[in-house]
Structures are given as structure tokens and as C-alpha cells.
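Enquirer: Any chance you can model this:
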Amino acid sequence: MTRALPEPTYRRFVAGLGTFSLRPFDLAEDVTTLHSWVTQPYARYWGLLTASVADVHAEYLRIAESTHHQAFLGEHDGRPAFLMERYEPSYDAVGRTYDVAPGDIGMHVLIGPPTVPAAPIPGFTGAVFETIMDSLFSDPLVDRVVVEPDVRNVKIQALNARMGFRKHSVVRLPDKQAWLSFCTRDQYAEAHRMNEAG
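Expert: Predicted coordinates:
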């Protein structure tokens, strides 16, 4: 009998794409999948290209034991598809680069490779990002999402901008030079409306 995975904490259906959900990261079941993602060249900004499975396990055990940082596995129609981390900026290095406000939540996202590499799904990345943003803002205590992508990662910066994030400043973090960026509920709602309108 297989062990039951954690239940989704958030789920949404996207017409034409399917069901996207988030559930707590399961150390026993998800580390191997995540390792196969973070060691691929496209995930170089995650900083784990040369990590072993044991390294990834140690990192996500540290997160699991934290009271201010959580990891979630995202699924698309029941299959692992992305990772989301949410964290409290006041407990993170980024919190030393700006005045953290009540209601701020930090976020990291990593999308897994397409199951059929030659056939990425149009609109998939946007749907993943909207699922994450919707889940974060479903928490009434969250007023603003904070991200700090590597300054060289122009693809995620463009996606952030499409979702309503505004660049604040370039900051120095222990492992990178990053674009500190913020997205309020209103900015996200406006961006979502514009994206829907095409």
C-alpha cells in the first residue's frame, strides 16, 4: 500500500489547460523529482546544478523544519509540474535590504521541464504563476508578494512584470545580485485583468 501524499491546499481549474494544485512538499516522495529539475541547465538560477539528491533532501528538510519558510509541490492534472516556496521576508536575507511591511510574503517558483520536451503547452507558465499568486493572495494576511530574482534572469523578470510586479531596486544577497520587486493585491488584480483582455 502506497503512502498517501498531503492533500492540496489550493486548487484551480483553467479552461483549456486543466487543473493546477498546490500541496505541501513531501520529503519522502518529492525530493527525487525536484532533484531532476534543479540539476538541469535551465534551473541554474536555483543554485543547485551540482547538488546530489542528499543535498536537495537536506535543503528541503531545513525548510520543513522552519517556522517561517514553506515549500509546496505544484501539480498539473495530478502530475508534479512546479515548486513554490513562500517565506517571511523578515526572517530572510532579503528582509535586511528593505523595510519589511506587515502582510509581506516572499515567493520563489520553479517550473518543471515539459513532460514532452518538444511540445511545451501554450499558456502553461502563466497559468502556473497565476495559481501561485492566487494561492498567496487567498491568505487574507498577505497584502504584498516579494520576489528577488537574479539580475541575469530576464525571463522570470518579464513574467513577474506581466503578473504585476514592479521593480524596486537591485540588492546584494549572499548568493546573488537581485532585482527586489513587489506586487500588491491591486497590482496583481490589474495585471490579471489586462492579461485576460489580451
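
Enquirer: buried residues in the lowest-mean-pLDDT helix or strand in the chain?
Expert: Comparing every helix and strand of the chain by mean pLDDT, DSSP states H and E singles out helix 185-197 as the least confident one, with a mean of 89. Of the residues in helix 185-197, those buried under the neighbour-count criterion (16 or more other CB atoms under 10 Å) are R185, Q187, Y188, A191, H192. Any C-beta I mention is one placed from the backbone N, CA and C, and that applies to glycine too.

Enquirer: swap in stretch 138-155?
Expert: Residues V142, R144, V145, V146, V147, E148, P149, D150, N153 are the ones in stretch 138-155 that count as buried (16+ other CB under 10 Å).

Enquirer: before we move on, what about stretch 24-44?
Expert: Within stretch 24-44, the residues that qualify as buried by neighbour count (16+ other CB under 10 Å) are P24, F25, D26, D30, V31, T33, L34, H35, W37, V38, T39, A43.

Enquirer: With only the CA atoms kept, save the least confident helix or strand of the chain in PDB.
Expert: What follows is helix 185-197 as a C-alpha-only set of coordinates in PDB (Å, rounded to 0.1, in the frame of the first residue of the first chain):
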ATOM      1  CA  ARG A 185      -3.100  42.700  -4.500                       C
ATOM      2  CA  ASP A 186      -4.300  45.700  -6.600                       C
ATOM      3  CA  GLN A 187      -1.300  45.500  -8.900                       C
ATOM      4  CA  TYR A 188      -1.900  41.800  -9.400                       C
ATOM      5  CA  ALA A 189      -5.700  42.300 -10.000                       C
ATOM      6  CA  GLU A 190      -5.000  45.000 -12.600                       C
ATOM      7  CA  ALA A 191      -2.400  42.800 -14.400                       C
ATOM      8  CA  HIS A 192      -4.700  39.900 -14.300                       C
ATOM      9  CA  ARG A 193      -7.500  42.000 -15.900                       C
ATOM     10  CA  MET A 194      -5.100  43.200 -18.600                       C
ATOM     11  CA  ASN A 195      -3.900  39.700 -19.300                       C
ATOM     12  CA  GLU A 196      -7.500  38.400 -19.600                       C
ATOM     13  CA  ALA A 197      -8.200  41.300 -22.000                       C
END
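
Enquirer: How far off centre is that helix?
Expert: Helix 185-197 has its average C-alpha position 19 Å from the chain's average C-alpha position, going by CA atoms, centre = their mean, to the nearest Å.

Enquirer: which outside residues touch it?
Expert: Residues external to helix 185-197 that are found in contact with it (CB atoms under 8 Å, 6 or more residues apart in numbering): 126, 130, 133, 137, 142-145, 162-166, 183.

Enquirer: Give me the buried entries from these.
Expert: Neighbour-count burial within the contacts of helix 185-197 applies to E130, M133, F137, V142, R144, V145, M163, G164, F165, C183; the criterion is 16+ other CB under 10 Å.

Enquirer: Mind checking which of those are in helices?
Expert: Counting by DSSP state H, the members of the buried ones among the contacts of helix 185-197 that fall within helices are E130, M133, F137.
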